[in-house]
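Trainee: Give me a 3D structure for the following:
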Amino acid sequence: MKKKIFIPVIAVVIGISTVSFKSDFFEIAKQIEIFTELFKELNMNYVDETNPAELMDSAIEGMLADLDPYTKYWTEQEVEDAKINRSGDYSGIGATVRNQDGKMTITEPRKGYPADKAGLKAGDEIIKIGDITVADVDGDAGDLLKGAPNSEVVITYKRQGKTDKATIKRSAVEIDAVPFSKLINGDTGYIVLTKFNKKASSQVKEALVSLKTDGATKIILDLRGNGGGLLSEAINICNLFLPKGSLITTTKSVVKKYNKTYTTSQEPVDTEIPLVVLVNGRSASASEIVSGGLQDYDRAVVVGARTFGKGLVQRPKPLTYGTSVKITISRYYTPSGRCIQALDYWNRDENGNAVRTDAADYNEFKTKNGRKVLDGGGVLPDIQVSSAKLSPVTTALLKDNAIFEYATDYYYNHQYSDMSEFSWSQTDFADFKSFLNRTGFKYETGTEKAFAKALEQADKDDLKTEVSAAYNQLNNAITLAKEKSIDERQDEIENLLIDEIVKRYFYRDGLYEYQIINNVEVKEALAVLADKNRYNKILNN
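Mentor: Sure thing, here's the model as predicted:
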């Protein structure tokens, strides 16, 4: 039987607010009464013993599943985790872990923190935390790694087939929103912003002021891979580069109290310094507010790949017993009026999947200088870099953890003491493809799913025999095309492989140092900043 870290006590609380209800109070009260009676009868009369907490969790999950993936119920522990994410401070071992299929894997030990000092590496599988076996834990076993500063925990882990133990003394952990900033080429400030927690705007400001003092006359703000966070911090970061009183975003909802406009409220740091913002397909939410806002004011050249397209705003609402529900309350719009939400969760296809806004349905808007920008599918960069995109095969490699696992394999087969020793070749990419074959990497395309569904229908129509030969021929063609797609997307796959590998040897600082010299998007940002005529032409075209 699985052990529980936390068993939430669930209660139904009725908050009566005529503003927030879409239907009248009687209908809501009626449905709650029906549900309460059903829940009581089920728990009292079901043939086997039931677990009320688990039943309620399932009911809540089912109710929220048809809405959007951002509207979520939080247990008491998850509420605490959200507070940590917003604040950027906690006490633990200082490592990022992934819980998947009953396994806990260290994905990144932070340099100088307890896990790193104890010798733990990315790719290590944590089997036991103290006396508790991770596989027996129902819930987030990562919570067991947290604890009071100076408290000790014994970790049993598996590395390359061998099991070992480490005693780790926990400490306070600070998660910087800006983990890296540096002056490049004597005149260009490079600032990496990885999350929008409560430290984000103050740390960006600190880096910006420091870089300008050191001689920066141009700035690169790197938002690649930044999944967002606090809306207020996005406004404040825009405020560093835009005048006081500038409209940054408008939120709209059927609930009138959530219809708001957000403007900058402080004096800026610099409204003239040339600025490039780097984004990619994993830049979302608050990252899109910043990149979209600066683009709409023609204040920055955006470089990279189209952003994720999350134009929805969430707000946590406290419930009883320390629990909470995070609810999508509105959509946000950039200064030009764009909503860059890419997926429509309220008009799904026949399979129940959210529909992506078609490019033909994008609406045109104008920036401050009259440039054409579009809504509907994320923020489209002014300069698109093909290697920054995430194709379906690359997304599948990330989802399957194939890139992560290969980096682990690579790390234990290559030793580097200095970054100058590291190099990547065509032979290495060929080895990666061999690794995929050895480990049985497979992914299913949308085309394959559609054909499989068609074959099922053909079977129902008694046509399977007649169409099977054609189906097999098509499947073979798709298999060849999928193999070819890995070679066609070599640049974008290699970028992710190199990033993961470099981080294994030289931590995040080493990764950013490597990217300054070698990354294609950073090179493009430096190139456009070095060409004043090109920079101005983009913003005034």
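Trainee: so residue 174 touches residue 89, yeah?
Mentor: Yes. Assessed by CB atoms under 8 Å, residue 174 is found in contact with residue 89 at 5.7 Å. Where C-beta positions appear, they are placed from N, C-alpha and C, glycine not excepted.
Trainee: Skipping adjacent residues, who's closest to the most centrally placed residue in the chain in space?
Mentor: The chain has residue 227 as the residue nearest its centroid, 4.1 Å off, counting by CA atoms, centre = their mean. Closest residue to residue 227 apart from its sequence neighbours, by CB to CB, 6 or more residues apart in numbering: residue 284 at 4.9 Å.
Trainee: tell me the SS of that neighbour?
Mentor: Local secondary structure at residue 284 is given as coil here, using DSSP: H, G, I helix; E, B strand; the rest coil.
Trainee: got the contact list for residue 166?
Mentor: Contacts for residue 166 were tallied using CB atoms under 8 Å, 6 or more residues apart in numbering; they are 118-120, 154-155, 157.
Trainee: Check which helix or strand it maps to.
Mentor: Here residue 166, judged by DSSP states H and E, is contained in strand 162-169.
Trainee: rewinding a little: how confident was the prediction at the residue nearest to residue 227?
Mentor: At residue 284, the pLDDT value in this model is 95.
Trainee: Next: residue 68.
Mentor: Among the per-residue scores, residue 68 holds a pLDDT of 91.
Trainee: residues touching the nearest residue to it once chain neighbours are set aside, list them.
Mentor: Spatial nearest neighbour of residue 68, chain neighbours left out: residue 345 (4.1 Å); criterion: CB to CB, 6+ apart. Listed by CB under 8 Å, 6+ apart, the contact partners of residue 345 are 67-69, 354.
Trainee: one step back: what's the first helix or strand after the strand holding residue 166?
Mentor: Read in the C-terminal direction, the helix or strand following strand 162-169 is strand 171-174, with elements assigned using DSSP H and E.
Trainee: Residues contacting that following strand, please?
Mentor: So strand 171-174 is contacted by 88-92, 94, 110, 113-114, 149-150 (CB under 8 Å, 6+ apart).
Trainee: Within the sheet, what are the partner strands of the very next helix or strand once past that strand, with directions?
Mentor: Moving toward the C-terminus from strand 171-174, the next helix or strand (DSSP H and E) is strand 180-184. Looking at strand 180-184 with DSSP bridges, its partner strands are strand 188-192 (antiparallel).
Trainee: other SSEs contacting the helix or strand that the strand it pairs with is followed by?
Mentor: Toward the C-terminus, strand 188-192 is succeeded by helix 200-213 as the next helix or strand (DSSP H and E). Counting contacts by 3 or more CB pairs under 8 Å, 6 or more residues apart in numbering; DSSP states H and E, helix 200-213 packs against strand 180-184, strand 188-192, strand 218-222, helix 231-239.
Trainee: Mean neighbour count, the ones you listed: which tops it?
Mentor: A comparison of the helices and strands packed on helix 200-213 by mean neighbour count, using mean count of other CB atoms under 10 Å, puts strand 218-222 on top with a mean of 26.
Trainee: and that strand, which strands flank it?
Mentor: On the basis of DSSP bridges, the sheet neighbours of strand 218-222 come out as strand 188-192 (parallel), strand 275-279 (parallel).
Trainee: okay if I get those strands as CSV plus distance to residue 439 and mean pLDDT?
Mentor: Output for the strands paired with strand 218-222, formatted as CSV (distance: least, CB to CB, whole Å; pLDDT from 0 to 100):
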stretch, distance to residue 439, mean pLDDT
strand 188-192, 32, 98
strand 275-279, 31, 98
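Trainee: can you redo the ones you listed as CSV with distance to residue 331?
Mentor: Rendered in CSV, the data for the strands paired with strand 218-222 read as follows (distance: least, CB to CB, whole Å):
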stretch, distance to residue 331
strand 188-192, 29
strand 275-279, 20
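Trainee: Wait, residue 279 touches residue 300, no?
Mentor: No. When contacts are counted by CB under 8 Å, residue 279 is not listed as touching residue 300 (10.5 Å).
Trainee: Now do the shared contacts for these two.
Mentor: With contacts taken as CB under 8 Å, 6+ apart, residue 279 and residue 300 have residue 291 as neighbours in common.
Trainee: Neighbour count: those two, which is higher?
Mentor: For residue 279 versus residue 300, the count of surrounding residues by other CB atoms under 10 Å is larger for residue 279: 32 against 26.
Trainee: How about the secondary structure of residue 442?
Mentor: On the three-state scheme (three-state DSSP), residue 442 is labelled coil.
Trainee: swap that for residue 332, sorry
Mentor: strand.
Trainee: And it, what's its pLDDT?
Mentor: With respect to pLDDT, residue 332 has a value of 93.
Trainee: ok, it - contacts?
Mentor: The contact partners of residue 332, by CB under 8 Å, 6+ apart, come to 231, 249-252, 289, 311-313, 339.
Trainee: Among the residues you listed, the buried ones, what's the PyMOL command?
Mentor: Selecting only the buried members of these in PyMOL, with burial defined as 16 or more other CB atoms under 10 Å, works like this:
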select buried, resi 231+249+250+251+289+311+312+313+339
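Trainee: closest to residue 483 among the contacts of residue 332?
Mentor: Using CB to CB, the shortest approach to residue 483 within the contacts of residue 332 belongs to residue 311, at 36.1 Å.
Trainee: right, and that closest one touches residue 288 too?
Mentor: Yes. Residue 311 is within contact range of residue 288, at 7.3 Å (criterion: CB under 8 Å).
Trainee: list residues touching both of these two?
Mentor: In the contact map built from CB under 8 Å, 6+ apart, the residues linked to both residue 311 and residue 288 are residue 340.
Trainee: what about residue 453, distance to residue 431?
Mentor: Here the criterion is CB to CB, to the nearest Å. By it, residue 453 lies 36 Å from residue 431.
Trainee: An error on my part: the question was meant for residue 62.
Mentor: As judged by CB to CB, residue 62 and residue 431 stand 45 Å apart.
Trainee: Report the buried residues of stretch 104-113.
Mentor: Taking 16+ other CB under 10 Å as the neighbour-count basis, stretch 104-113 is seen to contain the buried residues 104-106, 108-110, 113.
Trainee: just stretch 89-106 next, same as before
Mentor: The neighbour-count check on stretch 89-106 (16+ other CB under 10 Å) flags 90-95, 97, 104-106 as buried.
Trainee: who touches that stretch?
Mentor: Stretch 89-106 has contacts (CB under 8 Å, 6+ apart) with 84, 107-110, 112-116, 118, 120-126, 134-135, 140-142, 145-149, 153, 155, 157, 168, 170-175, 401.
Trainee: Would you write out the PyMOL command that picks the buried residues out of those residues?
Mentor: With 16+ other CB under 10 Å as the criterion, this PyMOL line picks the buried residues out of those:
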select buried, resi 84+108+109+110+113+114+115+116+118+120+121+122+123+124+126+134+140+141+142+145+146+147+153+155+157+168+170+171+173+175+401
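Trainee: Among the contacts of stretch 89-106, name the ones in helices.
Mentor: Taking DSSP state H as the definition of helices, these contribute 84, 114-116.
Trainee: Just give me the neighbour total for residue 520.
Mentor: Using other CB under 10 Å, residue 520 has 17 other residues around it.
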